[in-house]
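>>> 3D model of this:
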Amino acid sequence: MAPTDERLDPDRRDAVLDRLGFPAPPPVDLDGLTAIYGAWCARVPFDNLRKLIALHGGATGPLPGLGADDFFDAWLAHGTGGTCWPSANALHALLDSIGFSSRRVTASMFDRGEPSHGTTIVVLDGAEHLVDSSMLTGTPLPLDPAGPTTTPGDGFVHGARPVPEGWLFEFTRVSVDGPLPCRTLAPDATPLAFFEERYEVSRTWSPFNDHVNVLVNRPHGAISLVGGHRYERPVGGPISELEGGPVDEPELRAALMEEIGYSEQLVDDLFQVWKPPPPT
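Okay, the predicted model is just below:
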């Protein structure tokens, strides 16, 4: 069944907000957006676990998570998030259900021109703010058509500058030194059907089809599990890797459940159909 482009129902919205730490919806202003996005970055991982289970377990039907209801039901039950297309749509749906003026936007990771990234932009009092569910920038990135901007506060520095296609972002990465460029292909809202199409196209090739890939924000910095390695980067500090190099299967299982917070059922489901390939 194709996902529907509807607001979250009040009960599901309130359950999501409660898990994020909000007994009531935050105010629809910059403080409210900063609070809800900060909570998202701390508690909703960017990950590909459900996608790996679907691809390696031979599941039929659409890839999981693009519908916001499905995304949040899985997160509430198992702590799992999603890759860019489902997570950007879910964040958009949550913000829309609270009352923010939010839109999905398509971009190109590494600035290669192809539609390879979905993200979310919010408008407040005429000013735009990027809230990316993949890079988890911690605070909204202000977007100013007059010139370059960076994320405020003491966290990792992420930047944006206006270009004819909308915006060129430079994201700080946890596991690799140097900025990651990402250019919007147009500043306009992207229909959900296009997100669905691009998510399904990713079945044939994607960096998220074979290795576990997880990113989470923590108060001290960020943790990434990618390519068979575990990386940690404190705010203002260098990248460090788990002593001993690549993580083995027991270490990965422990990290997924104890450090990231996935349910035992989800991790068991993953390892029943998927085995870690050699580290990259």
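>>> Against Leu215, how distant is Ala127?
Taken as C-beta to C-beta, to the nearest Å, the spacing of Ala127 relative to Leu215 amounts to 27 Å. No exception for glycine: its C-beta is placed from N, CA and C like everyone else's.
>>> Look at these two and report which has more neighbours.
Neighbours were counted for Ala127 and for Leu215 using other C-beta atoms under 10 Å; Leu215 has more, 22 against 12.
>>> Hmm, Thr172 and that one touching each other?
No: Leu215 lies out of contact with Thr172 (C-beta atoms under 8 Å); the separation is 11.8 Å.
>>> neighbouring contacts of the helix or strand of the chain with the lowest mean pLDDT?
Across the helices and strands of the chain, the lowest-confidence element by mean pLDDT, DSSP states H and E is strand 240-241, at a mean of 89. Defining contact as C-beta atoms under 8 Å, 6 or more residues apart in numbering, one finds that strand 240-241 is touched by 229-233.
>>> In the stretch 151-280 of the chain, mark out all the strands, start to finish.
159-163, 166-171, 180-184, 213-218, 221-226, 229-234, 240-241 (DSSP state E, counting those that start in this stretch).
>>> Looking at these, which is nearest to Pro26?
Comparing those by their distance to Pro26 (C-beta to C-beta), the top pick is strand 213-218, with 18.0 Å.
>>> so the closest one versus strand 221-226, what angle?
Relative orientation of strand 213-218 versus strand 221-226 (axes from the mean of the first three to the mean of the last three C-alpha atoms, to 10 degrees): 170 degrees.
>>> could you say which helix or strand contains Ile36?
In the assignment (DSSP states H and E), Ile36 maps to helix 30-43.
>>> how about the helices in the stretch 1-150 of the chain?
Ranges of helices in the stretch 1-150 of the chain, per DSSP state H, counting those that start in this stretch, are 10-20, 30-43, 49-56, 68-78, 84-98.
>>> okay, those helices, which one's buried deepest?
Most buried of the helices of the stretch 1-150 of the chain by mean neighbour count (mean count of other C-beta atoms under 10 Å) is helix 84-98; its value is a mean of 26.
>>> What average pLDDT does that helix get?
Per-residue pLDDT over helix 84-98 has a mean of 98.
>>> from the chain's centre, how far out does that helix sit?
Relative to its chain's centre, helix 84-98 lies at 10 Å (C-alpha atoms, centre = their mean, to the nearest Å).
>>> and what of stretch 198-210?
Worked out by C-alpha atoms, centre = their mean, stretch 198-210 lies 15 Å from the chain centre.
>>> for it, how far is the first residue from the last?
Distance between the two ends of stretch 198-210: 18 Å, counting by C-alpha to C-alpha, to the nearest Å.
>>> now stretch 21-37
Criterion C-alpha to C-alpha; first-to-last residue distance in stretch 21-37 is 12 Å.
>>> And for that stretch, what's in contact with it?
13, 17, 20, 39, 43, 91, 94-95, 98-100, 122, 124, 129, 131, 138-140.
>>> swap in stretch 164-178?
105, 107, 111, 130, 132, 135, 137, 141, 143, 156-162, 179-187, 215, 221-224, 226, 229, 231-233, 239.
>>> which of these are buried?
Buried by 16 or more other C-beta atoms under 10 Å: 105, 107, 130, 132, 135, 137, 141, 143, 156-160, 162, 181-185, 187, 215, 221-224, 226, 229, 231-233, 239, out of those.
>>> sorry, back to before: rounded mean pLDDT for the helix holding Ile36, please.
97.
>>> Asn209: which of the helices of the stretch 1-150 of the chain is closest?
Nearest of the helices of the stretch 1-150 of the chain to Asn209, taken as C-beta to C-beta: helix 49-56 at 5.9 Å.
>>> Compute the distance from the centre of the closest one to the centre of its chain.
Distance, stretch centre to chain centre, for helix 49-56: 16 Å (C-alpha atoms, centre = their mean).
>>> I'd like the average pLDDT over that helix.
Rounded mean pLDDT across helix 49-56 is 98.
>>> so that helix versus helix 68-78, what angle?
Going by the same axes, to 10 degrees, helix 49-56 makes 100 degrees with helix 68-78.
>>> residues near Val212, how many?
21.
>>> how about it, phi and psi?
phi -60, psi 130 (degrees, to the nearest 10).
>>> Next up, the contacts around it.
Per C-beta under 8 Å, 6+ apart, neighbours of Val212: 47-49, 52, 225-226, 228, 252, 256, 270, 276.
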